[in-house]
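[1] Sequence and predicted structure, then a few things I'm wondering about:
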Amino acid sequence: MKITYIHHSCFSVEMENAVMLFDYFKGNLPSFDSRKHIFVFVSHKHQDHFDTVIFDLAKTYPHITFLLSDDIRMNEAYMDRKRIPEISRPHILSIGKNESVTLPVGKGSAKKEDSADAKDSGLLVETLASTDEGVAFIITCDNKVIYHAGDLNWWSWNGETQEEYTDMTNRFQREIAKIKGREFDIAFVPLDPRQEDRFWWGFDYFMRATQTKIAFPMHFWKDYSIISKLKNMERTKEYFDKVVDIKEEGQIFYPLI
């Protein structure tokens, strides 16, 4: 497995049979093996997670599937207005909150399969509801389980009302309860310095609720120091060695899992 940090919440994950690209909107993309199936995931429509430039990838990679959260309205009028390339359109699928689908790994246009045979050979995608927009992704491929949170996070802020705090806390903890105790080989989890002294809440809650082997911080707005700040907390000493130190865009990791 080869993981590349691209920018913000964007990572690529290259595996034996497939390549996954998450929440790309800018940054330098690696060159992928065009013989492999490329899966492009978009967790929601915010401009720091989605740009229509992704659809140009279909010109380079013939075996590609775009899986977009259904808050992105990919109707014909929108695609015409945004000049989405015709070559990419048969490869676009939408997925909603709390759904589960299997995508075949191989040639051809995008489609969903639900058969037992497809689940044995394909890429299983599950979603959670974000506490912001869109979804979080759970992907099972090549016997590995990968979690990408999108904007599913405990978005608590100094100065918020008690009502806002309670609503956010309940919604976040309700979603994480759905994966309590679950094992993830790789997880991409928000760690946002804009939350000031609450920056670690969502990350810590996720790590304590799940059995995650390796966790990549994301959504940290190029403030790499926030990662060491998290790892040096007394609170995180139980799992700090599972948290990846990201130093720069384009950094490549080969996790031993």
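    Sure thing, it's come through. Numbers count the residues shown, from 1 in each chain.
[2] And the contacts of the strand or helix carrying Thr127?
    Per DSSP states H and E: Thr127 is located in strand 123-129. Residues outside strand 123-129 that contact it (Cβ atoms under 8 Å, 6 or more residues apart in numbering) are 18, 39, 67, 69, 95-105, 135-141, 152, 171, 175, 178-179. Quick note: C-beta positions are derived from backbone N, CA and C, even for glycine.
[3] buried subset of the residues you listed?
    18, 39, 67, 69, 95, 101-105, 135-141, 152, 171, 175, 179 (16 or more other Cβ atoms under 10 Å).
[4] Among those residues, which lie within helices?
    Arg171, Glu175 (DSSP state H).
[5] In strands, which of the buried ones among the contacts of strand 123-129 fall?
    Mapping the buried ones among the contacts of strand 123-129 onto strands (DSSP state E) picks out 18, 39, 67, 69, 95, 101-103, 135-141.
[6] nearest to Met233, of those residues?
    Using Cβ to Cβ, Ala136 comes nearest to Met233 of those, at 23.9 Å.
[7] Which parts of the stretch 1-150 of the chain are strands?
    2-7, 10-14, 18-22, 37-42, 64-69, 92-95, 100-103, 123-129, 135-141, 144-148 (DSSP state E, counting those that start in this stretch).
[8] From the contact counts, what lies against the third one?
    To tie it back to what came earlier, the one meant is strand 18-22. Using 3 or more Cβ pairs under 8 Å, 6 or more residues apart in numbering; DSSP states H and E, the elements in contact with strand 18-22 are strand 10-14, strand 37-42, strand 135-141.
[9] Dump the ones you listed to a markdown table, plus mean pLDDT and distance to His148.
    Shown next, in a markdown table, are the helices and strands packed on strand 18-22 (pLDDT from 0 to 100; distance: least, Cβ to Cβ, whole Å):
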| stretch | mean pLDDT | distance to His148 |
| --- | --- | --- |
| strand 10-14 | 98 | 8 |
| strand 37-42 | 98 | 7 |
| strand 135-141 | 98 | 5 |
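[10] quick one, which of these is nearest to Asn232?
    strand 10-14 (23.7 Å).
[11] Neighbouring strands of that closest one in the sheet, and parallel or not?
    Strand 10-14 pairs in its sheet with strand 2-7 (antiparallel), strand 18-22 (antiparallel), by DSSP bridges.
[12] which stretch among these comes nearest Glu196?
    strand 2-7 (23.0 Å).
[13] If we only consider the ones in strands among the buried ones among the contacts of strand 123-129, which is nearest to Glu164?
    The nearest member of these to Glu164, counting by Cβ to Cβ, is Ala136 at 20.9 Å.
[14] measure the closest one to Trp157 for me?
    With distances taken as Cβ to Cβ, to the nearest Å, Ala136 is found 20 Å from Trp157.
[15] who are the neighbours in contact with Ile186?
    Ile186 sits next to 1, 3, 13, 144-147, 213-216, 255, 257 when contact means Cβ under 8 Å, 6+ apart.
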